[in-house]
Structures are given as C-alpha cells and as structure tokens.
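J.: structure here, sequence nowhere to be found:
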C-alpha cells in the first residue's frame, strides 16, 4: 500500500455513463443525458498517488441536499456506487418523478420500481418528507392505476409531509379516499385528478396548504375538506370543474386564497376569515357573486374579470380598514368609482374599459397605476412616490390633448415621479396648444416614458422636446421601447440659472411656454444602455454652448437606429427560417 500524504492536489473530475434504472428482466441502455460527475481528490507524495473519495465522507444531510437538485432517474444510479450511497438513496427524504418524455412502457416500469422502493421504506420505518409524481396516464390499463394507488398508500404509511400529484389531462384519476384522513400531511397539491366525496369526517389535522388545479370536485367535497383542516393557511383553486359555490368559513388560521375560474361555472364566493390577509380572485366570462367584506384584516386584494359594480366596490372596500393593496383587472362594469380607504398604499387598474372617473379618499396612497383612459381624477393622496399612466388610445384631435393635459395636471402636486406608457404622438402636444396652455407637470423631477409606437416612427428630438414641455426643468428623463429591448435611454439635465416658482408654474414657463426649457438648459448628459447582445453603457454629453442640442440628439438617434437595424438582421439570421 502506498503511504498517504496529507497534502491534497486539486480535484479531478471524471464523466461516466450512469447505470439505467433497474427492472425485473433487464436494464435499459443509458440515455446520453444520463451521466454523472464524480469528484476524486488526489493525495500525493513524492513516490505514489492514492485516490480517496472525500464526497462520500460528507454528512448525510449535505449529501441529501446535493441529491435534491437531481431528478429521480439521476439519483437512482448513485445507489450502486457504494453501500454509503445505497443507504443515502434508501433514506432520501424527497422523492420526485417528473419525466420530460416517457413512453407508457417506461412509465409503468419506473412506477413499479418506485412502488418497491416506497414499500421498503415503509417496512424499514423510514419517514418521507416529500413525494412528487407527475405521470401522464396515457392508457386505461387498470394495473397502472393500482400501482399508483399502492405508491400513494406506502407514502402515506411513511408519514409523507408533502404530496404533489399530477396525472395529466388524458384521463381522470380518482384519488384514494385515504387522502382525507392523513393526520401528518402538511401540503396537498393535485392536478388533473378527481376527488370523490369523503365517506366520513375529514381529519387533515396538520394540513397547511391545499392546491387544486383542474381537479374535478363539487361544493360538498371542498366544504367537507376544509372543515377538516383546522390549521389550513393557504388555499389555491385553479379551474376546478364542478365547483359552483365556494364558502370558506371559520378558518381562523387561513392567510391566503388564490382562486382562478375560466368558464368552470363558479357562481358564488364567500370568504370569512379573521386572519386572511391576501385574496386573489380571477373569474372570466361568467357572472360570480363575491363577498370578502368579513375579512377584516385583509391587506391585499386582487380581482380579475369580475362583473362588479361601482356600488359593490365602495361597500366592500369600506369594510376593509387595513387594506394596503388593491388591483382591479378587466372589471368591465366599473364606470365611476369612489374608494375610501385610510391605509391603502398601492392602487392598480388595468383594462377596466368603461372606467373613466376616479374619486379617491386615500391619504396614504403612494403608488397609483392606471392602464385605462381617464377623464376625471380626484385624490387627496399627500405624496405619490410613483404614478404610472397608460393610454392605449391614439390622440385624435385637440380636444383629446386638452383632456390629456388636464389629467396630467391632476398629478402635478402629489407625485414626483411619473411613468407614462402611450403612443409617441400623445406627448407631441400641438404648437397652437403650447402657445395658450401652461405645462401640466412643473414639480416632477423624473419622467419615465415607455413608447408603444414602432421605433422607426419616432423622432427622438421631438420626443424629448414634447416631454420637456409637459414637465419643464425635469432633472432626469428615461425612454424605453417595451417591444424592442435593445436600448434604454436616460437623460440628465442641468440648467443655466436657479428656477423660481410662482404658483404652479415657473416664471420662465409663464412667459415663454413654447420654448422655456430651450433657453434655460445648460447641459444634457445622455446614457444609452445597450442590452443585447452584450450589456454595455455608452455616455454622451452635449452643452448648449456647442450648438443646437436637438441636432446632436438627432445625430445620436440616427446612429442608434442604424445599430438597431443591424442587430435585428443579426438576430434574424441567427434564429433562422
């Protein structure tokens, strides 16, 4: 035997084929992706070299953690390396079978192996933390369903704490009744299954989280199930056929509910939970009655696609004194809303097409996001840290611009940062209006503009000119194109003299509203962030003493457009036909 030296050289990595999953009759040839890395540390002295396995000497919890990053078919072959690795697999707490592609024959083979593995764990009294099975039941083979049932039974007998089961949409799998009586389980997550009514009182005494996606259930099953979960904290229900009325009552530990129903026939939702702090409900293309006013400690509410009215919204929000976040999406019956909420901090509206008027009694509101055209806005918010306004429609005439300017003026005193998303024409206020109107935003320090137009339609100089008329003497300005992520432009402005304000408008803006920023600007620093193919930042600086700043911005824009066109051609050639 060569004498070992405590000195150690760098690790040597080797790559070899993994043994395939064992079967009763034969072994499948290794798949090209079935390879594992082995790490060998070389201990050397002057006369000899010995290979020592340092990885296997690590504590089992660390090795279990390493194995947790691998799939079942990657973990199983490690069990043949040594007795240590065999024992590690035998005691591995998290078992996940999630094949990307699998034939029916191979799927059945793996399930048989998994059945024997889970049986051995049960016989040796080794507990199981988590079991994940994603199996596409492609056949009506009754034997396959029996194997599934036995796998679950052995996992339940091993006191599994978390179960995730997805059987695909090809056929319906009836979950065994025993699932209603697992006193030690913490998480149940089912997809594309069916839950039959429990035959006796449900006793899920430890369950904290319940997730049902595309699961066939009825009202009674959900009612009986949650009634037997005194510690339930999170409930997620996603497009479950058969569910008509969801009533969550008397669940004192319940914290969050997420509900999604798209043409599944959901008609009524009633939630009463003293500790519920988050509710997210999406109901598309069907009328649904919703009541969350009994959730007195609710802080987060998101409603999507609901046919709620102005009166309903006012009454519900008035009963939620601790609400901090409210988001309404695609609520088509809202028209003129009145919201009174003393603690509301963030308010979001998106595609509520008929909504045109806001009256907000929200003194602590700090973020307002509106993806709607708004005709009237009234708020007593003291200081909005962020305002986002998105205008989908195109400007049509001077009347449209007058409404647009009037709306922006509503945010003049209550918001320092404005994020605008609209077509580029929206900020190109006509000359005749600039000569008779005052700029609407004279106190904004920063404006962020997302251009929804095609990039070749835009003149950057005109865009900057329009934005600086809307918010003269802004300190910073950023422009981006959401549909084209090649570039983002940031402008930093300095001015020739200290500005004085009279009322809501600087004195220079009152005297020369058309060109006030042009005669006050001293220098502009432009930062162009190129995001693709390699992120890099280019900086330019232009002074008014060196000539017309707008001409220099136009020259910069032309060079950027040429570069964008070149990048587009490169990406098109790279992607191929």
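T.: Thanks, I have the structure now. Worth saying up front: this structure is predicted, and the values here are computed from it rather than measured.
J.: could you use CA atoms for every contact and neighbour count after this?
T.: OK.
J.: got the contact list for residue 181?
T.: Residues near residue 181 by Cα atoms under 8 Å, 6 or more residues apart in numbering: 202-204.
J.: ok, it to residue 175 distance?
T.: Per Cα to Cα, to the nearest Å, residue 181 is found 12 Å from residue 175.
J.: then residue 519?
T.: Using Cα to Cα, residue 519 is found at 75 Å from residue 175.
J.: what do you get for residue 391?
T.: Residue 391 is 49 Å from residue 175, where distance means Cα to Cα.
J.: got it, and residue 454?
T.: On the measure of Cα to Cα, residue 454 and residue 175 end up 52 Å apart.
J.: okay, these two: which has more neighbours?
T.: Per other Cα atoms under 10 Å, whichever of residue 454 and residue 175 has more neighbours is residue 175, with 18 against 12.
J.: state the phi and psi torsions of the more buried one.
T.: Per-residue torsions, residue 175: phi -70, psi 140 (degrees, to the nearest 10).
J.: wait, isn't it in contact with residue 194?
T.: Yes: with contact defined as Cα atoms under 8 Å, residue 175 counts as touching residue 194 (6.1 Å).
J.: what bridges to residue 543?
T.: Taking DSSP bridges as the rule, residue 543 bridges to residue 523.
J.: now do the helices in the chain.
T.: Taking DSSP state H, the helices of the chain run over residues 60-67, 72-75, 83-90, 104-123, 142-157, 219-227, 310-318, 398-409, 431-434, 460-470, 507-511, 516-520, 549-575.
J.: comparing those helices, which gets the lowest mean pLDDT score?
T.: Of all those, the minimum mean pLDDT falls on helix 507-511 (a mean of 49).
J.: how about low-confidence regions in the stretch 301-450 of the chain?
T.: In the predicted model of the stretch 301-450 of the chain, residues 393, 443-444 satisfy pLDDT under 70.
J.: hmm, try it at 80
T.: Counting by pLDDT under 80, the stretch 301-450 of the chain contains low-confidence ranges at 373, 375, 381-383, 392-396, 413-416, 442-445.
J.: follow-up on the earlier one: most neighbours among the contacts of residue 181, which one?
T.: In terms of neighbours by other Cα under 10 Å, the contacts of residue 181 top out with residue 204 at 23 neighbours.
J.: that one contacts residue 187, doesn't it?
T.: No: Residue 204 lies out of contact with residue 187 (Cα under 8 Å); the separation is 10.0 Å.
J.: what's the neighbour count on residue 554?
T.: Neighbourhood size, residue 554 [other Cα under 10 Å]: 15.
J.: check the gap between it and residue 460 for me.
T.: 6 Å.
J.: what of residue 104?
T.: From residue 104 over to residue 460 (counting by Cα to Cα), the distance is 59 Å.
J.: when these two are compared, which one has more neighbours?
T.: Taking other Cα under 10 Å, residue 104 and residue 460 do not tie; residue 460 has more neighbours (19 against 15).
J.: domain-wise, how is the protein divided?
T.: Per the record, the chain has its domains at 8-90, 423-577, by automatic domain parsing.
J.: quick one on the thing from earlier: possible to save the helices of the chain as TSV with distance to residue 482?
T.: Below are these laid out as TSV (distance: least, Cα to Cα, whole Å):
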stretch	distance to residue 482
helix 60-67	39
helix 72-75	40
helix 83-90	48
helix 104-123	43
helix 142-157	47
helix 219-227	42
helix 310-318	32
helix 398-409	22
helix 431-434	28
helix 460-470	16
helix 507-511	32
helix 516-520	28
helix 549-575	14
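J.: what's the closest of those to residue 529?
T.: helix 549-575 (11.0 Å; Cα to Cα).
J.: chain neighbours aside, what residue packs nearest to residue 205?
T.: Leaving out its chain neighbours, the residue that sits closest to residue 205 by Cα to Cα, 6 or more residues apart in numbering is residue 183, at 5.0 Å.
J.: correction: residue 481
T.: The shortest distance from residue 481 to any non-neighbouring residue, by Cα to Cα, 6+ apart, is to residue 451 (5.1 Å).
J.: can you name the residues bridging to the one you found?
T.: With DSSP bridges as the rule, residue 451 is bridged to residue 422.
J.: neighbours around it, how many?
T.: Applying other Cα under 10 Å, we find 22 residues neighbouring residue 451.
J.: my guess is it contacts residue 478. True?
T.: No: Residue 451 is beyond contact range of residue 478, at 10.6 Å (criterion: Cα under 8 Å).
J.: quick one: the strands in the stretch 151-300 of the chain?
T.: Assigned by DSSP state E, counting those that start in this stretch, the strands in the stretch 151-300 of the chain fall at 162-166, 173-174, 187-191, 193-194, 209-213, 234-238, 245-249, 256-262, 268-272, 278-284, 289-291, 300-304.
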